[in-house]
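Chemist: Fold the stuff below for me.
(one chain, ligands or ions: 3)
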Amino acid sequence: MSELNWHDAAIREALQVYFIMGSNNCLKDPMDVLKEAIEGGITLFQFREKGTGALKGDAMFELAYRMRELCRRHSVPFIVNDDVELAIAIDADGVHVGQEDEGAAAVRERIGNKLLGVSAYNIAEAEAAIRSGADYIGVGPLFTTQTKEDAKAASGLQVLSEMRENEIRIPIVGIGGITAANAGQVIRAGADGVSFITAISHAESPTAAARELRQAVQAVRGTSGYNM
Ligand SMILES: Cc1ncc(COP(=O)(O)OP(=O)(O)O)c(N)n1
Ligand SMILES: Cc1ncsc1CCOP(=O)(O)O
Ligand SMILES: [Mg+2]
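Modeler: Residues are numbered from 1 along each chain as shown. Ligands and ions are numbered 1, 2, ... in the order given. Got it, this is the predicted structure:
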């Protein structure tokens, strides 16, 4: 059983440098990319095996399992995107669902105390996610992304400050087009952390890329404590 016991401060810590990836996002062996990203200091990992060329069936399950093992060995919490059944089967630490996926309240019922992340594009979606039992929300795309085929238009950073001004206190991670160059702005606008695919999965050195992202976040956020 996953033994992580999530409380607010631990969630905000974990969201700081949140790497999301599937095999089809990588330019080399995805296990190597993940290993190097962990070495560079990612704080959370999401297995997101979807889109053109994504693995299916046993191959997908095996990769998810191996990645979960690797993350567990290094104490990096492991989240599964969309697939609640897979998350339960491999005893992931949590699940992330969006507005087009299984409803967050139903997912909460199924996963008990595992971490539940929900995508929110605006304040109404953030409020609904909170009512459904989300532990954190993923807000974006903030900037233009090449990665998600059906992504909405980039919202810009003001959605984060508007959420915070409107008493949305839940842990927030920004997503969409995030790099080491703009990560600090995302934290300043109100997020606890940054999540990204390309910034690490396409990097020549995932270790160096993860380190740069971590430094960019911690330069604004400090090495501990809340952003709120
Ligand atoms: C941390 C985080 N935030 C947002 C998303 C996007 O979820 P969703 O809108 O369901 O889109 P897909 O990723 O499933 O294509 C995410 N995965 N992670
Ligand atoms: C899954 C997802 N949801 C909103 S944007 C996005 C893709 C983020 O990928 P990248 O960091 O490469 O822009
Ligand atoms: Mg989804």
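Chemist: Write out the residues of this protein neighbouring ligand 3.
Modeler: Within reach of ligand 3 by CB under 5 Å from the ion, the chain has these residues: Asp82, Gly98, Asp101. Bear in mind the C-beta positions are built from the backbone N, C-alpha and C, glycine included.
Chemist: Please identify the helix or strand for the last one.
Modeler: Using DSSP states H and E, Asp101 maps to neither a helix nor a strand.
Chemist: Quick check: it touching Ala87?
Modeler: No - contact criterion CB atoms under 8 Å: Asp101 and Ala87 do not qualify, at 12.0 Å.
Chemist: Quick check: the residue of the chain positioned farthest from its centre vs Glu100, distance?
Modeler: Distance to the chain centre peaks in the chain at Asp58, reaching 24.0 Å (criterion: CA atoms, centre = their mean). Counting by CB to CB, to the nearest Å, the separation of Asp58 from Glu100 is 26 Å.
Chemist: do Leu27 as well
Modeler: Distance from Leu27 to Glu100, counting by CB to CB: 28 Å.
Chemist: Between those two, which is the more surrounded one?
Modeler: The neighbour comparison of Leu27 against Glu100 (other CB atoms under 10 Å) goes to Leu27, with 11 against 8.
Chemist: Quick check: residues of the chain near ligand 2?
Modeler: Proximity of the chain to ligand 2, by CB under 6 Å from any ligand atom, involves residues 140-141, 145, 147-148, 151, 175-178, 196-199.
Chemist: again, 5 Å this time
Modeler: Residues of the chain found near ligand 2 (CB under 5 Å from any ligand atom) are Gly140, Pro141, Thr145, Thr147, Lys148, Ala151, Ile175, Gly176, Gly177, Phe196, Ile197, Thr198.
Chemist: contacts with ligand 1 among these, please.
Modeler: Ile175.
Chemist: out of the residues of the chain next to ligand 2, which are inside strands?
Modeler: Phe196 (DSSP state E).
Chemist: and which of the residues of the chain next to ligand 2 is nearest to Asp91?
Modeler: Nearest to Asp91 out of those is Ile197 (CB to CB; 24.0 Å).
Chemist: what comes up buried for stretch 82-97?
Modeler: Neighbour-count burial for stretch 82-97 flags Asp82, Asp83, Val84, Leu86, Ala87, Ile90, Ala92, Asp93, Gly94, Val95, His96, Val97 (criterion: 16 or more other CB atoms under 10 Å).
Chemist: any idea how far Gly94 is from the third one?
Modeler: Plainly put, Val84 is 10 Å away from Gly94 if you go by CB to CB.
Chemist: Which neighbours do the two have in common?
Modeler: By the contact definition CB atoms under 8 Å, 6 or more residues apart in numbering, Val84 and Gly94 are jointly contacted by Ile111.
Chemist: For ligand 3, what's its nearest residue on the chain.
Modeler: Gly98 (3.6 Å; CB to the ion).
Chemist: how close does that residue get to Leu70?
Modeler: Computed as CB to CB, the Gly98 to Leu70 distance reads 25 Å.
Chemist: How far does stretch 65-84 sit from its chain's centre?
Modeler: 12 Å (CA atoms, centre = their mean, to the nearest Å).
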